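J.: give me a model of this one.
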Amino acid sequence: MAPLTLLQLSPQTTSAEGWATTQAAERSCSLDTIQQEMERLEQGTRRLAVLLRLAPDPERIWSVLTDYGNLDRFIPNLVSSRQLWRRGNRVALEQVGSQQFCGLRFSARVELELEEDPDAGELRFQMLRGDFRRFEGTWRVDRDEISTRLLYELTVQGKPGMPIGLIEQRLQQDLASNLRGVQQEANRRIEQG
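T.: Numbers count the residues shown, from 1 in each chain. Below is the predicted model:
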């Protein structure tokens, strides 16, 4: 499955869907601006991508993303995050998220396996088990001549009966909030020295 190329970090690409991006289009997303894209796939699957250009250097952002035991302190709607094991560059986490939706509290639990690739600035994850049929994606961090770029791509498919269509707007808002949470934590750590 091709990534959402509107937000892809490469200088110029075109996907099978015909979306294209250029450096000029990507630069139009100024510092501290969030750019989003969502794709509806078969069987209630959603693929989302969120890009944020920010000031802190990639190493600082990477250290925030990989602070697994404290993610629930600064990622909105993340109730808990616990590292289960580490094997080299692979890490397993148990995470529980919760949010209000239409007056009801929605909670979901996932066990994720993450693969860290700090040289490429990629943190790839996939669900081992949890409350979704599919939950996988990538965090990407890199820097160009303008800023640090933080990209979060997520492909999610709910279990039967889960109203994924009703919560897709909420998903978009939450992903943007997640990136803002990472940004705010990086800035807080910079201020603390």
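J.: in which helix or strand would I find Asp142?
T.: strand 132-143 (DSSP states H and E).
J.: go on, Asp32?
T.: Counting by DSSP H and E, no helix or strand carries Asp32.
J.: ok, Ser107 next?
T.: Counting by DSSP H and E, Ser107 is found in strand 104-117.
J.: using CSV, write down the CA coordinates of that strand.
T.: Provided in CSV are the C-alpha atoms of strand 104-117 (Å, rounded to 0.1, in the frame of the first residue of the first chain):
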residue,chain,number,x,y,z
LEU,A,104,-20.0,8.4,25.6
ARG,A,105,-16.5,7.4,26.8
PHE,A,106,-14.7,5.4,24.2
SER,A,107,-11.6,3.4,25.3
ALA,A,108,-9.3,1.2,23.3
ARG,A,109,-6.3,-0.9,24.2
VAL,A,110,-3.5,-2.0,21.9
GLU,A,111,-0.2,-3.8,22.2
LEU,A,112,2.2,-2.5,19.6
GLU,A,113,5.5,-3.6,18.3
LEU,A,114,7.7,-0.7,17.2
GLU,A,115,10.8,-0.8,15.1
GLU,A,116,13.2,2.1,15.8
ASP,A,117,15.3,3.4,12.9
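J.: now the next helix or strand after it against strand 104-117, angle please.
T.: Moving toward the C-terminus from strand 104-117, the next helix or strand (DSSP H and E) is strand 122-130. Counting by axes from the mean of the first three to the mean of the last three Cα atoms, to 10 degrees, strand 122-130 lies at 130 degrees to strand 104-117.
J.: show me where pLDDT drops low in this protein?
T.: For the chain, applying pLDDT under 70 flags the ranges 1-30, 101, 163-167, 169.
J.: packing partners for the strand holding Asp142?
T.: The helices and strands touching strand 132-143, judged by 3 or more Cβ pairs under 8 Å, 6 or more residues apart in numbering; DSSP states H and E, are helix 58-65, strand 104-117, strand 122-130, strand 148-158. Where you see a C-beta, it was placed from the backbone N, CA and C, and this is true even at glycine.
J.: pull out the buried positions in the longest helix anywhere in the chain.
T.: If you go by DSSP state H, the chain has its longest helix at helix 164-192. In terms of neighbour count (16 or more other Cβ atoms under 10 Å), helix 164-192 has its buried residues at 164, 167-168, 171-172, 174-183, 185-186.
J.: closest to the centroid, which residue in this protein?
T.: Central residue of the chain (Cα atoms, centre = their mean): Tyr152, 3.1 Å from the mean position.
J.: show me the residues around the closest residue to that one other than its chain neighbours that make contact.
T.: Closest residue in space to Tyr152, ignoring its immediate chain neighbours: Val50 at 4.9 Å, by Cβ to Cβ, 6 or more residues apart in numbering. Applying Cβ atoms under 8 Å, 6 or more residues apart in numbering to Val50 gives the contacts Leu7, Ile34, Gln35, Gln36, Leu151, Tyr152, Gln172, Leu175, Ala176, Asn178, Leu179.
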